[in-house]
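> Build the 3D model from these lines:
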Amino acid sequence: MELETTIIDEDRAALEGASGAPKKVFVKTYGCQMNVYDSQRMTDALAADGYVSTEAMDDADLVLLNTCHIREKAADKVYSVLGRLRDLKSERADAGRDLTIGVAGCVAQAEGGEILRRSPSVDLVVGPQTYHRLPEMLAKVRNGEKVVETEYAIEDKFEHLPQPRRAEVIKRGVTAFLTVQEGCDKFCTFCVVPYTRGSEVSRPVRQIVAEAERLAEAGVREVTLLGQNVNAWHGEGPDGSEWGLGRLLHRLAEIKGLARLRYTTSHPRDMDEDLIAAHRDLDALMPYLHLPVQSGSDRILKAMNRRHKASDYLRLIERVRGARADIAMSGDFIVGFPGETEADFEATMQIVREVGYASAFSFKYSPRPGTPGAEMDGHLPEEVKDERLQRLQALLTEQQQDFTRGMVGRTMATLIEKAGRQAGQKVGRSPWLQPVIIDEMAAEIGDIIDVRITKTGYNSLFAEPA
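Predicted structure coming up:
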């Protein structure tokens, strides 16, 4: 997934008056929702340094690549873009105009100074724990320094970030991400997150509630709580006691104007009873749960260091569905992990059949340097991984289409999010995260209305007001 994140500064006129033409920043975001959130907060930090956002890379004074390191191809793509930026920087220099190039995110954290060696045109390398220091790093760059900042910050970066301004939040829309937890202590053998994002850290309740309230005041109707292992969140409450995610969701549900709550990504071992009960008790908590299992084979799960069995996962699904009968399940799957046999793969196919997923993400195993999986014996040929992935994706696509077709004739509350691609349309979001297309006259953006589903598209629903 590749996303471009741009923020419109609410105080452009003031910046122009203070410094002539404002400096412009272009942020290109790769990877997960947390990177989308981080890109938004980086632009918040840069606004205080006189930058406004641009949607055109060629027009920017500063280009930041906010990178993902989960799969090898994602990192390769970053270096390809850096090659094009090198040429752009050379053209700028010939025209007497500077271009600052920065690499942020997980590739920056993992590779650090190696990025400068491979791409000397890069001026700045900043890890995900230190982007609140961007203004002071850029000051060093303007003084001719090359900056690599990948040490884990001692201070709480969220305390040092400026609050998102109302105009920026409005521009971003009626849904928003909110990071509540970072890092992971699980050390799955295929995963680089503990090495690029560090150990698990939970934000305190006061920070989260304050940010959520600010979002709601600006018109945000739906918030998705983010974390590499979000259901492991245990933050300090107002009274100094430790809260779990279930209790936090109850508190956020009290915020005026905030109608919908979601969270991602979860680990099966951290799905406690309070969180399951929140799915039963909170109307604001949407009936959609992303709960990765990765494999259906106990032998492979052990090799992955998942520390649960397939039967544990299936029992957990039963408990969640017992609390909320209409909940839709989403998952992650890795095929071709070292040593995976055809029988192991068939166990994954079987767990998919038993659960029945509304959506899922599936990938071929990609060895990441520094992880235990990369050093294991039994790496599979690419053609074997390709063939198994195709079989798995065919089954998952069939389940997703069955789930979508089952919506026809149903009435559901839909949050209207934006104008549609076609004239005369608006697009909303169902409780199960599906795009819902409706006549533009039916509601205003930000409204939550009951609609009746009339037909399906490949990835969307078509509806009329109920």
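> which stretches of the stretch 101-250 of the chain form strands?
With DSSP state E, counting those that start in this stretch as the criterion, the stretch 101-250 of the chain has strands at 124-126, 147-149, 175-179, 181-182, 201-202, 222-226, 234-236, 242-244.
> Show me the shaky parts of the protein.
Scanning the chain for pLDDT under 70 picks out 1-20, 71-74, 153-157, 160-170.
> can you rerun that using 80?
Scanning the chain for pLDDT under 80 picks out the ranges 1-21, 31, 48, 69-76, 152-172.
> Show me the residue at the heart of it, geometrically.
Q33 (1.2 Å; CA atoms, centre = their mean).
> returning to what we had before: among the strands of the stretch 101-250 of the chain, which comes closest to G409?
G409 lies closest, by CB to CB, to one member of the strands of the stretch 101-250 of the chain: strand 222-226, at 24.8 Å. Yep, even glycine has a C-beta here, placed from its N, CA and C like the rest.
> quick check: angle from the closest one to strand 175-179?
In terms of direction (axes from the mean of the first three to the mean of the last three CA atoms, to 10 degrees), strand 222-226 departs from strand 175-179 by 30 degrees.
> from the chain's centre, how far out does strand 222-226 sit?
10 Å (CA atoms, centre = their mean, to the nearest Å).
> For that strand, which strands pair with it and how are they oriented?
Its sheet considered, strand 222-226 pairs with strand 175-179 (parallel), strand 260-264 (parallel) by DSSP bridges.
> Dump that strand to PDB, restricted to CA.
The C-alpha trace of strand 222-226 is given here as PDB (Å, rounded to 0.1, in the frame of the first residue of the first chain):
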ATOM      1  CA  GLU A 222     -14.800   8.000  13.600                       C
ATOM      2  CA  VAL A 223     -11.400   7.300  15.200                       C
ATOM      3  CA  THR A 224      -9.300   4.200  14.700                       C
ATOM      4  CA  LEU A 225      -6.800   3.500  17.500                       C
ATOM      5  CA  LEU A 226      -3.500   2.400  16.200                       C
END
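> can you give me the helices for the stretch 251-400 of the chain?
Ranges of helices within the stretch 251-400 of the chain are 273-281, 298-303, 310-323, 342-355, 382-405, based on DSSP state H, counting those that start in this stretch.
> which parts of the shortest one are buried?
Neighbour-count burial for helix 298-303, with 16 or more other CB atoms under 10 Å as criterion, is recorded at 298, 300-301, 303.
> Repeat that for the third one.
Buried positions in helix 310-323, judged by neighbour count with 16+ other CB under 10 Å: 310, 312-313, 316-317, 320-321, 323.
> Check the longest one too.
Neighbour counts using 16+ other CB under 10 Å place 385, 388-389, 392-393, 395-396, 399-400, 403-404 of helix 382-405 among the buried residues.
> the strands in the stretch 351-466 of the chain, which residues?
With strands called from DSSP E, counting those that start in this stretch, the stretch 351-466 of the chain shows them at 359-364, 411-419, 425-429, 435-439, 448-456, 461-465.
> Which among these is found nearest to D185?
Across the strands of the stretch 351-466 of the chain, D185 has its closest neighbour in strand 359-364 (22.3 Å, CB to CB).
> report the angle between the axes of the closest one and helix 342-355?
Using the same axes, to 10 degrees: strand 359-364 against helix 342-355 is 170 degrees.
> Neighbouring strands - and their directions - for strand 359-364?
strand 328-335 (parallel).
> re the thing from before, now the strands of the stretch 101-250 of the chain as CSV including mean neighbour count?
Formatted as CSV, the strands of the stretch 101-250 of the chain follow (neighbours: other CB atoms under 10 Å):
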stretch, mean neighbour count
strand 124-126, 25
strand 147-149, 20
strand 175-179, 21
strand 181-182, 24
strand 201-202, 20
strand 222-226, 22
strand 234-236, 17
strand 242-244, 18
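> could I get those as JSON lines with distance to C188?
Supplementary listing: those in JSON lines, determined by distance: least, CB to CB, whole Å:
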{"stretch": "strand 124-126", "distance to C188": "26"}
{"stretch": "strand 147-149", "distance to C188": "27"}
{"stretch": "strand 175-179", "distance to C188": "20"}
{"stretch": "strand 181-182", "distance to C188": "16"}
{"stretch": "strand 201-202", "distance to C188": "18"}
{"stretch": "strand 222-226", "distance to C188": "18"}
{"stretch": "strand 234-236", "distance to C188": "20"}
{"stretch": "strand 242-244", "distance to C188": "22"}
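> and G83, which of the ones you listed is closest to it?
Taking CB to CB, strand 124-126 is the member of those nearest to G83, at 16.4 Å.
> rewinding a little: D59 is nearest to which of the helices of the stretch 251-400 of the chain?
Comparing the helices of the stretch 251-400 of the chain by CB to CB, helix 382-405 comes nearest, at 38.7 Å.
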